[in-house]
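Undergrad: Here you go, sequence then predicted model.
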Protein chains: 2
Amino acid sequence: MKGKGKATSFDIAHYAGVSQSTVSRALRNSPLVNEETKRRVREVAQQLNYKVDKNASNLRTQQSSTLALLLFEDPTGDDSQINPFFLNMLGSITRACAKEGYDLLVSFQSTSDDWRAEYEDSHRADGIILLGYGDYMDYKSRLQRLLENDTKFVCWGANVDGRPDLTVRCDNYGGGKLAAEHLVKINRTNAVFIGDASDHCPEFFDRFKGFKDGLSEHGIVFNERNIANAISTEMSGYHATRSLIANNVKFNALFAASDLIAIGAIRALQEAEINVPHQVSVVGFDNIAAASYVSPSLTTVQQNTTLAGQMLVANLLNLIHGEAVESTLLPPKLIVRQSSLQKIG
Amino acid sequence: MKGKGKATSFDIAHYAGVSQSTVSRALRNSPLVNEETKRRVREVAQQLNYKVDKNASNLRTQQSSTLALLLFEDPTGDDSQINPFFLNMLGSITRACAKEGYDLLVSFQSTSDDWRAEYEDSHRADGIILLGYGDYMDYKSRLQRLLENDTKFVCWGANVDGRPDLTVRCDNYGGGKLAAEHLVKINRTNAVFIGDASDHCPEFFDRFKGFKDGLSEHGIVFNERNIANAISTEMSGYHATRSLIANNVKFNALFAASDLIAIGAIRALQEAEINVPHQVSVVGFDNIAAASYVSPSLTTVQQNTTLAGQMLVANLLNLIHGEAVESTLLPPKLIVRQSSLQKIG
DNA sequence: CTGAAAGCGCTTACAG
DNA sequence: CTGAAAGCGCTTACAG
């Protein structure tokens, strides 16, 4: 049935009694080929377990049918603990690629590395999807370089200067507002913010700005001193909250820039015997799986990772095919759970 | 500096004043090439931002420098909620591949699909890593088929009949024993098991058997009726535990086949106002990130995903290179947290 | 140490 | 509708 090496289109041609060119056409479903011929070719191909050699066809057509996913990690992160939010994104991107008939090459890169790998990937893939966390300032210059090299890419979250069409992101500002409005509604407005409210982390900054504006629309002024810096880990959220408590800051609401931070914050509050939600209402951001597991379960602003993955892939493919791509903003959604519950009134 | 299309080895040859063959040799660091010539070639290559075309070199050498990762998912699972344990594995496999200079192609596949995709992947990659959850019985025949096709692959967890060298797994039996010994030590031996104790899920079954034997070595007989079936989700663990409570089963210890199950179990217990750990000690399996976030934090048997990823990749590469591969069993490790605490005595 | 040439397995004008 | 032929960009015997 099958020789030592893999079957080639010449083998199929031989058994089907046609030329190799016809085999190639038949398998690509060219309208030029007679239906009956196609049928015969396909049958033989299946019997010989033949599959088109991707390297050969890619070389010939000068494309790869492959997208690359580059995950930038914060170098401080533990080796095996990747932010679950990005892992979810990875899942949905993988699915979206498969649906479009593209392979997905995955690589991780520390933000401190030189950016050689991106460039290499640009030769193996038709385009790149960038998922980054960590400091945006490090990140920014590399985006610029990718642009100069005319590489096709789309970014999650981060803005590419002058090219908003290359970004897919959640409406972080709007999400921050949702959080604020929720807290206003349950009458918890003496709030603190845990996260990074600076240019170094534009996503967190937008969440913060939306939050602040959301409060101010209801006449509540956010006290800028009520910010504690944190990166997106449980540990960091824990320590930031502890320091707030240690500094004797008083508050009845806590908005965390991410769920991981919020989960760490709840731990710090509970350790200090501050009851959540009775004394402090906590709202996170992302809606990772753990948000519903922790106790009290976490009220949070959901980012739709399934849709995000689809949009990232769709936009990148449009870009590759030279079609117009628009800036994509995904709507966030408030998920109310127990960490913010309070009887109204 | 750079023309429209990408630079080829002929361009480098032109600028470096050597033949294209020499460029190829120099870039592959062949000992045949003069050091000075190498230096010059490399310099030009870098200036032109040249990278070897993978499709061409793979086609020529008849290999791909690519491994494929196939994630089998239980079709019941929610679209975007992949078991975090496997996501961690994915992370470590990606890193291990990168370290060995291999690319990683990732694909997901529902266990209910026909297995066409595996086979296709076998044409694009030098080998396949299989990560599966869901029902092993569905899974088994496909492994057999891969074997028949002489595909190079390694499996996480699942046994390949007659080829133990193709499996990398955690010592699930030993892990179950660790759980039992811990509960014996804290004097909590009236235990229930939540998970699937059947051939359909050999990993869970091994955990169960180790657990049972661990108890019996201390003269404690596990009551076989104290098993509640569950698949590896929080929901399933929750429902299984609820039914146990509803059936009025009395117990002071609970061993869950996975952390997700354990987390669901804790929720069910807390809902029924059964205190963890004071009335029931809970032990999970995996040590996913959430295990340390939930409250009480979860005592669990850790699987070393970093090592697992490395071994999976290392074994697969050995297999591809025709070297001897041994069956690999990774040692589990007990992580004691608050869900099982009890004053001894 | 270096170069000229063959060939990996396809796709696609070109010619019928 | 079909076939013969060129060529994608490499790697590697072969010859010097």
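TA: Done, it's in. Residues are numbered from 1 along each chain as shown, chains lettered A, B, ... in the order given.
Undergrad: Show residues contacting stretch A:315-325.
TA: A:67, A:100, A:102, A:126-129, A:152-154, A:165-166, A:168, A:328 (C-beta atoms under 8 Å, 6 or more residues apart in numbering or on different chains). Where you see a C-beta, it was placed from the backbone N, CA and C, and this is true even at glycine.
Undergrad: where does the stretch 1-150 of chain A have low pLDDT?
TA: A:1-5, A:73-82, A:110-123, A:133-138 (pLDDT under 70).
Undergrad: now with 50?
TA: A:1-4, A:76-78, A:80 (pLDDT under 50).
Undergrad: Then the stretch 151-300 of chain A?
TA: For the stretch 151-300 of chain A, no range has pLDDT under 50.
Undergrad: can you dump the C-alpha coordinates of stretch A:219-237 into PDB?
TA: Taking C-alpha atoms only, stretch A:219-237 is exported to PDB below (Å, rounded to 0.1, in the frame of the first residue of the first chain):
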ATOM      1  CA  GLY A 219     -20.000  63.700  41.300                       C
ATOM      2  CA  ILE A 220     -17.400  61.600  43.100                       C
ATOM      3  CA  VAL A 221     -13.800  62.700  43.100                       C
ATOM      4  CA  PHE A 222     -11.300  59.900  43.100                       C
ATOM      5  CA  ASN A 223      -8.500  60.600  45.500                       C
ATOM      6  CA  GLU A 224      -5.300  60.200  43.500                       C
ATOM      7  CA  ARG A 225      -3.400  59.000  46.500                       C
ATOM      8  CA  ASN A 226      -5.600  55.900  46.600                       C
ATOM      9  CA  ILE A 227      -3.600  54.200  44.000                       C
ATOM     10  CA  ALA A 228      -1.300  51.300  44.800                       C
ATOM     11  CA  ASN A 229       1.000  50.000  42.000                       C
ATOM     12  CA  ALA A 230       0.900  46.400  41.000                       C
ATOM     13  CA  ILE A 231       1.700  44.200  38.000                       C
ATOM     14  CA  SER A 232      -0.700  41.600  37.000                       C
ATOM     15  CA  THR A 233       0.000  38.800  39.500                       C
ATOM     16  CA  GLU A 234      -1.700  37.600  42.600                       C
ATOM     17  CA  MET A 235       1.400  38.300  44.700                       C
ATOM     18  CA  SER A 236       1.700  41.800  43.500                       C
ATOM     19  CA  GLY A 237      -2.000  42.500  44.200                       C
END
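Undergrad: how distant is that stretch from the center of its chain?
TA: 23 Å (C-alpha atoms, centre = their mean, to the nearest Å).
Undergrad: Next one: it, is it in contact with chain B?
TA: Yes. Applying C-beta under 8 Å from any C-beta of the partner chain, one finds stretch A:219-237 in contact with chain B at A:Glu234.
Undergrad: next one: stretch A:273-293
TA: Yes. Stretch A:273-293 reaches chain B (C-beta under 8 Å from any C-beta) through A:Ala289, A:Ala290, A:Ser292, A:Tyr293.
Undergrad: and what of stretch A:253-268?
TA: Yes. Using C-beta under 8 Å from any C-beta, stretch A:253-268 reaches chain B at A:Ile263, A:Arg267.
Undergrad: And for stretch A:39-48?
TA: No. Stretch A:39-48 lies out of reach of chain B by C-beta under 8 Å from any C-beta, never closer than 10.5 Å.
Undergrad: which residues are in contact with that stretch?
TA: Here stretch A:39-48 makes contact (C-beta under 8 Å, 6+ apart) with A:1-2, A:7, A:11-12, A:15-18, A:22-23, A:26-27, A:33, A:50.
Undergrad: List only buried entries from the residues you listed.
TA: By neighbour count, with 16 or more other C-beta atoms under 10 Å in any protein chain shown, these hold A:Ala7, A:Asp11, A:Ile12, A:Tyr15, A:Ala16, A:Val18, A:Thr22, A:Val23, A:Ala26, A:Leu27, A:Val33, A:Tyr50 as buried.
Undergrad: Now for the residues you listed: which two are most distant?
TA: A:Ala7 and A:Val33 (19.3 Å; C-beta to C-beta).
Undergrad: Quote the end-to-end distance of stretch A:143-158.
TA: 9 Å (C-alpha to C-alpha, to the nearest Å).
Undergrad: Quick check: phi and psi on the spatially most central residue of chain A?
TA: Nearest to the mean C-alpha position of chain A, by C-alpha atoms, centre = their mean, lies A:Met89 at 4.3 Å. Torsion angles at A:Met89 (phi, psi; degrees, to the nearest 10) stand at phi -60, psi -40.
Undergrad: so who does it touch?
TA: A:Leu131, A:Trp156, A:Thr305, A:Ala308, A:Gly309, A:Leu312.
Undergrad: any idea which of those is closest to chain B?
TA: Closest approach between the contacts of A:Met89 and chain B, by C-beta to the nearest C-beta: A:Thr305, at 5.3 Å.
Undergrad: which non-adjacent residue is nearest the closest one?
TA: A:Asn88 (4.4 Å; C-beta to C-beta, 6 or more residues apart in numbering or on different chains).
Undergrad: The one you found belongs to a helix?
TA: Yes. Per DSSP: H, G, I helix; E, B strand; the rest coil, A:Asn88 lies within a helix segment.
Undergrad: Quick check: phi and psi on A:Ala191?
TA: Phi and psi for A:Ala191, reported as degrees, to the nearest 10, are phi -110, psi 150.
Undergrad: Would you enumerate the residues in contact with the residue nearest to it when sequence neighbours are not counted?
TA: Nearest non-adjacent residue to A:Ala191, counting by C-beta to C-beta, 6+ apart: A:Ala253, 4.0 Å away. Residues in contact with A:Ala253 (C-beta under 8 Å, 6+ apart) are A:Leu183, A:Arg188, A:Thr189, A:Asn190, A:Ala191, A:Val192, A:Val280, A:Ser281, A:Val282, A:Val283, A:Ser340.
Undergrad: So what sits opposite A:Ala253 in the bridge?
TA: A:Ala191, A:Ser281 (DSSP bridges).
Undergrad: what's the distance between it and chain B?
TA: 20 Å (C-beta to the nearest C-beta, to the nearest Å).
Undergrad: Over to A:Val18?
TA: Taken as C-beta to the nearest C-beta, the span from A:Val18 to chain B is 22 Å.
Undergrad: Perfect, that will be all.
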